[in-house]
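# Next comes the sequence, and after it the predicted model I'd like to discuss.
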Amino acid sequence: MNPTGRSLISSLLSAVLLLAAVATPLLGQATPFRMVDDAWGDLPDGREWGAVSAIYPAPDGQSIWIAERCGQNTCTNDPDMDPILQFDLDGNLLQSFGAGILAWPHGMTVDDEGNVWVADALGFGQQPEGWGHIVVKFSPQGEVLMTLGERGVAGGGDTHFTKPSDIAIAPDGSIFIADGHDAGGSNRIVKFDAEGNYLLEWGQTGGDYGEFMDPHALAFDSQGRLFVADRANNRLQIFDQEGELLDTWTQFARISGMFIDDNDILYAVDSESNQARNPGWKRGVYIGSVVDGWVTEFIPDPEEDVDTSGTSGGEGVAVDAYGNVYTAEVGPRTVKKYIRRGGNP
């Protein structure tokens, strides 16, 4: 079956899957998870959380990496503050780094060697000279190992980005970057080899199959398929590593962030749906298998009145080795941890 046929079937299935994904919280049934605390993670010296959208577990699942915008919604006002933070699973800070390098950290991934990759998407209306539009690879100790793009210079082609949103690393080390946050760039996926050499790209601005409006998050499943959260189009597009469209799903709502665990369970967080934007869908974390596409569990956004707000709840999502779920929250400026009911933090 061609991608268009599969996509049409997926669209028809989404109405049914809506019951599995959304009807449960609407009917008042309890989510299988409970929140550990309203705010997780202890910051040093009275520092307060700023906007948080980037979060990812270390390879062993025993610690969590977070990129935070320096107590505000930008690091340009305090370039001496470290935006990249590592915590143990109890929320104790282990280390931090990255001061003076990132202006508006957005997406994050951690590769199998523990290296931390962060996309600097800059921000809405924030154009300080010499900041943003790059992807940086840090060692686990904070050494800069690679920079893709030219800092402070927006563009396209094989050497520049305009507000890159996220990164995913394939099993062979190939680098995939989602470029075009808030549809302000070229709305494309760019592929590099493990050494950072440009290989190919695909996509453009639009709503047709294979096109994007704000490709906001990336994740690989065990088959090596690349999942792209095409946020402003309210859908998830699935590609092979050469850019061929394999499928299009809508049942995981308007995705801001994604994480796929070793069992091919997708955790997709929706921080934007409301009656004006993707009406009929609830904000929260949609959980289901990428093998069959069924949404089976849901963690609702803890904020109740979200019909008019721009963003709430998690924009980033991560899962540790014990199945605990963490959400990184831009609007509320916090990190939340969820565990299964009856389990221990």
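Now that the structure is in, tell me what you want to look at. Residues are numbered from 1 along each chain as shown.
# Low-confidence stretches in the stretch 151-300 of the chain?
Along the stretch 151-300 of the chain, the parts satisfying pLDDT under 70 run over 184-185.
# just the strands in it please.
Assigned by DSSP state E, counting those that start in this stretch, the strands in the stretch 151-300 of the chain fall at 164-169, 175-179, 188-192, 198-202, 215-220, 226-230, 235-239, 245-249, 257-260, 265-270, 284-289, 295-300.
# which residues touch residue 57?
Residue 57 makes contact with 63-65, 110, 318-321 under the criterion Cβ atoms under 8 Å, 6 or more residues apart in numbering. No exception for glycine: its C-beta is placed from N, CA and C like everyone else's.
# so what's the residue nearest the centre of the chain bridging to?
Taking Cα atoms, centre = their mean, the centroid of the chain lies closest to residue 257, which sits 3.0 Å from it. The residues paired with residue 257 through beta bridges, assigned by DSSP bridges, are residue 269.
# How much space separates it from residue 95?
When Cβ to Cβ, to the nearest Å is the yardstick, residue 257 and residue 95 sit 23 Å from each other.
# what's the answer for residue 228, then?
Residue 228 sits 31 Å away from residue 95, going by Cβ to Cβ.
# quick one: which of those two has more around it?
Neighbours around residue 228 and residue 95, counted as other Cβ atoms under 10 Å, are more numerous at residue 228. The numbers are 27 against 13.
# isn't the more buried one right up against residue 238?
Yes - proximity of residue 228 to residue 238 meets the contact threshold set by Cβ atoms under 8 Å, at 7.5 Å.
# Look at residue 142 and give its secondary structure.
Taking DSSP: H, G, I helix; E, B strand; the rest coil as the rule, one finds residue 142 in the coil state.
# Give me the spatial nearest neighbour of it, chain neighbours excluded.
residue 97 (3.0 Å; Cβ to Cβ, 6 or more residues apart in numbering).
# For beta bridges, what are the partners of that neighbour?
According to DSSP bridges, the residues that bridge with residue 97 are residue 84.
# Surely it touches residue 140?
No - between residue 97 and residue 140 there is no contact under Cβ under 8 Å: 9.7 Å.
# how near is the spatially closest residue to residue 260 that is not a sequence neighbour to residue 202?
Nearest residue to residue 260 in three dimensions, chain neighbours excluded: residue 219, at 4.6 Å (Cβ to Cβ, 6+ apart). In this structure, residue 219 lies at 17 Å from residue 202, with Cβ to Cβ as the measure.
# Comparing the two, which residue is more hemmed in?
Neighbours were counted for residue 219 and for residue 202 using other Cβ under 10 Å; residue 219 has more, 24 against 16.
# need the contact list for the more buried one.
168, 226-227, 258-260, 266.
# The same query, at a cut-off of 10 Å, please.
Going by Cβ atoms under 10 Å, 6 or more residues apart in numbering, residue 219 touches 109, 166, 168, 176, 225-229, 236, 255, 257-261, 266-268, 290.
# just residue 232 next, same as before
Neighbouring residues of residue 232 by Cβ under 10 Å, 6+ apart: 180, 182-183, 187, 205, 207, 212-216, 254, 272, 277-278.
# what about the closest residue in space to residue 138 that isn't next to it in sequence, how many neighbours?
Take residue 138 and drop its neighbours on the chain: the residue closest to it by Cβ to Cβ, 6+ apart is residue 116, 4.5 Å away. Here the number of neighbours of residue 116 (other Cβ under 10 Å) works out to 25.
# does residue 146 count as helix, strand or coil?
Three states are possible here, and by three-state DSSP the one that applies to residue 146 is strand.
# excluding its backbone neighbours, what's nearest it?
Distances taken as Cβ to Cβ, 6+ apart put residue 137 closest to residue 146, at 4.0 Å, once the chain neighbours are dropped.
# how close does the one you found sit to residue 93?
Computed as Cβ to Cβ, the residue 137 to residue 93 distance reads 22 Å.
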